[in-house]
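Asks: Can you look at this prediction? I've put the sequence above it.
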Amino acid sequence: ERELRRKIYAAAAKESSPSIAQSKQKIRGDNSKYKTYKIAGVTHYIENIERLGIENEDYSKSKRELVADGLVGERIWKYVFYDDSAELQPEPENPEDPKAIKVLVDGEHVGYIKKGSCAHIHKLLQNDAIERIGCTIGGGAYKYVAEEYDDEKEKSVYDLEKGEISYFVHLEIYEKTDEP
């Protein structure tokens with residue numbers, strides 16, 4: 001199933017080449033109760049996170065190719081991540097913190113719920129009060145083509161910048177409600 005999903009995402013990436021901030025539109029009813037959680041420890045799971053991404057073909061392009069394709073003024077990420085669902089797994093045997101909750105995305109360990117949120121999340125898990133869990137992943141290496149107008153040459157001049165932003169994982173945990 002994971003490989004099929006990667007193929008579908010890869011096909012979609014070729015068509016749309018989304019940037020980091022683009023994600024599937026969140027659809028929820030007016031009565032949905034959810035909270036966003038920033039996941040801790042992601043720097044320890046970079047290889048796992050990168051396995052979840054799809055290599056962006058635009059990232060390998062030269063400055064000239066990026067300009068020709070109209071990809072000026074936007075970040076071109078090395079990996080494209082699509083919103084996914086996540087699984088929470090309590091770790092009572094964790095030597096660092098027996099209240100730790102591991103976060104898995106497509107079976108890949110990507111980090112932990114922050115210590116301050118664990119009690120609340122444990123309560124939700126124990127009461128079977130979680131409707132669904134959405135996941136957004138972003139960051140990593142990027143390219144950016146900046147455009148400036150050179151008055152002396154009377155034309156646009158382009159500069160290719162490369163950078164990197166730390167990976168991040170955010171969860172949206174939707175709680176079950178009694179309302180229809």
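Replies: Thanks, I have it.
Asks: tell me the SS of the residue of the chain most remote from its centre?
Replies: Relative to the C-alpha centroid of the chain, counting by Cα atoms, centre = their mean, Glu152 is the outermost residue, at 42.4 Å. Under DSSP: H, G, I helix; E, B strand; the rest coil, Glu152 falls in the coil class.
Asks: Are we agreed that Tyr37 is in a strand?
Replies: Yes - secondary structure of Tyr37 (three-state DSSP): part of a strand.
Asks: contacting residues around the closest residue to it other than its chain neighbours?
Replies: Closest residue in space to Tyr37, ignoring its immediate chain neighbours: Leu171 at 4.7 Å, by Cβ to Cβ, 6 or more residues apart in numbering. Every C-beta, even on glycine, is put in place using the N, C-alpha and C of the backbone. Leu171 makes contact with Thr36, Tyr37, Ile39, Ala86, Val103, Ile113, Ile133, Gly134, Cys135, according to Cβ atoms under 8 Å, 6 or more residues apart in numbering.
Asks: mind redoing it with 6 Å?
Replies: Leu171 sits next to Tyr37, Ala86, Ile133, Cys135 when contact means Cβ atoms under 6 Å, 6 or more residues apart in numbering.
Asks: now Ile76
Replies: Asp58, Tyr59, Lys143.
Asks: I'd like the residues you listed as CSV, with distance to Ser166 and neighbour count appended.
Replies: Putting the contacts of Ile76 into CSV (distance: Cβ to Cβ, whole Å; neighbours: other Cβ atoms under 10 Å) gives the following:
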residue, distance to Ser166, neighbour count
Asp58, 21, 20
Tyr59, 18, 18
Lys143, 17, 22
